[in-house]
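Engineer: Next come a sequence and a model predicted from it.
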Amino acid sequence: MVIREAEAADWPAWHRMWRANCAHFEASLSVAENEELWRRIMDPDNPVSALVGAGPGAESTLVGFAHYVLHPHTFSSRMVCYLEDLWVEPSARGAGVGRKLIDALVARGRDRDWRRIYWHTEADNAAARVLYDRVAQLTDYVRYDIALQ
């Protein structure tokens, strides 16, 4: 398993996984929105980035991704990382891909002196929460949303 930054050549595999992720969450994005997300990921000056996991024995076969967004924090001069999307192909689940993606993000954050990494998940996302409970501290924060569409 190799964890690395997404590269332009990853578009077909990433796009296939991204569409599966969106379908899982019943989200419908236009072709233009998908292309814009990829453009942001590929732009080193944009705060949206992606790590990808390439499967064992076939480094060109992607089996997962982690989208993350870096942003400033009001309580610190150090950057904070929001892990926005974590996706592992169903055929690769249970093999440690998600953990490796998170571990790689943690290593990157330590190397770059980020303050913290955080994310949200649904309360009933039991499979993912098994991993999350092992690698992170569950907080008491409650999230509120205002849809602006």
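Structural biologist: Perfect, thanks for sending it.
Engineer: At which residues are the helices of this structure located?
Structural biologist: Assigned helices in the chain, in chain order: 11-24, 31-42, 97-111, 126-135 (criterion: DSSP state H).
Engineer: What helices and strands are in contact with the second one?
Structural biologist: Just to be clear, that refers to helix 31-42. Contact analysis of helix 31-42 by 3 or more CB pairs under 8 Å, 6 or more residues apart in numbering; DSSP states H and E lists helix 11-24, strand 48-54 as its packing neighbours. From N, CA and C alone the C-beta is placed, and that goes for glycine too.
Engineer: same check, this time on the last one
Structural biologist: Using 3+ CB pairs under 8 Å, 6+ apart as the contact test, the elements touching helix 126-135 are helix 97-111.
Engineer: Tell me what angle the helix it packs on forms with helix 126-135.
Structural biologist: Interaxial angle, helix 97-111 versus helix 126-135 (axes from the mean of the first three to the mean of the last three CA atoms, to 10 degrees): 40 degrees.
Engineer: Flag every buried residue along helix 97-111.
Structural biologist: Taking 16 or more other CB atoms under 10 Å as the basis for neighbour counts, the residues of helix 97-111 that come out buried are 97-98, 100-102, 104-105, 108-109.
Engineer: Spit out the contact partners of Trp14.
Structural biologist: Residues in contact with Trp14, defined by CB atoms under 8 Å, 6 or more residues apart in numbering, are 6, 38, 50, 52, 62, 65.
Engineer: ugh, wrong one, Trp119
Structural biologist: Applying CB under 8 Å, 6+ apart, one finds that Trp119 lies in contact with 82-84, 86, 132, 136.
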